[in-house]
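Enquirer: Sharing a model prediction with you, sequence too.
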Amino acid sequence: MLHSADGITYIWRRSPYLALWWAASFSGFGKVLQGQYARGILLTLAEVFINLFSHFNEAMVYSFCGRFDMAKATLQPRWMYGYLVVYIFTLWNSYRSTLTNNRVSHLAELENARIKPVVIHPVEIQYLERKNPIMGAFWSLAFPGLGLLYNQKVALGIYNIVWWWIFASMSNFYDSIFLLFFGRFEESIAVLNAQWLLYMPSVLGGSVYYGYTLAIDQNHLFMVEQKQYFEERYKGENIRIFSSAGGEYATSQHI
């Protein structure tokens, strides 16, 4: 585990199929889930720009509406090749690296290196505390990126907020919601930009899931750190500070 001004980076066991799913929903999400943020951000940028230049989302909308000739005319072949290569690479590498991370995570558990509960940086204070996973998911649902800030992922949270605002602005999403609220249904549909709108479901779902998962992971790290502290402080004693069920403090502590 590593503390930085941006938050806590750690190796954790993940399901390779879950990483594969999120990589399929939006290139780069599988990497972010594994804590490989630089590669994840690079792949999300590739997803946005190559998709944009190839008009892939726009062609999908035409296909859904049965207008296949328009879909074929819209696609840009020179960009589609790059899009497919990056997409397939993301799926393969997310699955492969998750298996590797799981093996490294097992070695880290055996090593049981001491976890620092608090680290102070010039621009940020990072510490372990118990989080509410529901609140992490709620704030991500309200506005993607806020759940990451709640879980102390500063740079990633800002990155998420900026891109969500770009997607919402370019797709006229909130304008459409406003018109829909006042019963102007046809106008609410007409103002939408499908190319930008189709990014949003994956981004919203990924943000909610990650906000929820980060809170659970931090709770587990908090419990591990507490256990390490008491074992170090009271050596040779049988220590039990958490129940086996939900990680709450046990009513009886054997020290």
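Expert: Sure thing, it's come through.
Enquirer: now the helices for the chain?
Expert: 16-25, 29-33, 37-54, 56-64, 68-74, 77-111, 133-142, 146-150, 154-171, 173-181, 185-190, 194-197, 200-233 (DSSP state H).
Enquirer: From Tyr229, how far off is Lys235?
Expert: 12 Å (Cβ to Cβ, to the nearest Å). Using the backbone N, CA and C atoms, a C-beta is placed for each residue, glycine as well.
Enquirer: before we move on, the earlier item: of all the helices of the chain, which one comes closest to Val119?
Expert: helix 200-233 (12.1 Å; Cβ to Cβ).
Enquirer: picking that back up, so if I had to pick from Lys235 and Tyr229, which one is more boxed in?
Expert: Tyr229 (15 against 8; other Cβ atoms under 10 Å).
Enquirer: Please report how far the more buried one lies from Ala108.
Expert: Taking Cβ to Cβ, one finds Tyr229 at 18 Å from Ala108.
Enquirer: Under the pLDDT cut-off, which ranges of the stretch 101-250 of the chain? List them.
Expert: 236-250 (pLDDT under 70).
Enquirer: please redo it, this time with the cut-off set to 50
Expert: 245-250 (pLDDT under 50).
Enquirer: Check the protein and tell me which residue is nearest its centre.
Expert: Residue closest to the average C-alpha location in the chain (Cα atoms, centre = their mean): Tyr210, at 4.0 Å.
Enquirer: Quickly list the domain ranges of this structure.
Expert: 1-127, 130-255 (automatic domain parsing).
Enquirer: Just give the number of residues close to the nearest residue to Ile50 once chain neighbours are set aside.
Expert: What sits nearest to Ile50 in space, not counting adjacent residues and going by Cβ to Cβ, 6 or more residues apart in numbering, is Tyr83, at 4.6 Å. Look at Tyr83: counted by other Cβ under 10 Å, it has 20 neighbours.
Enquirer: measure Tyr83 to Thr90 for me?
Expert: 11 Å.
Enquirer: related to what we said a few turns ago, of all the helices of the chain, which lies closest to Tyr127?
Expert: helix 200-233 (9.6 Å).
Enquirer: Give me the buried positions along the closest one.
Expert: 202-215, 217-219, 221-227, 230 (16 or more other Cβ atoms under 10 Å).
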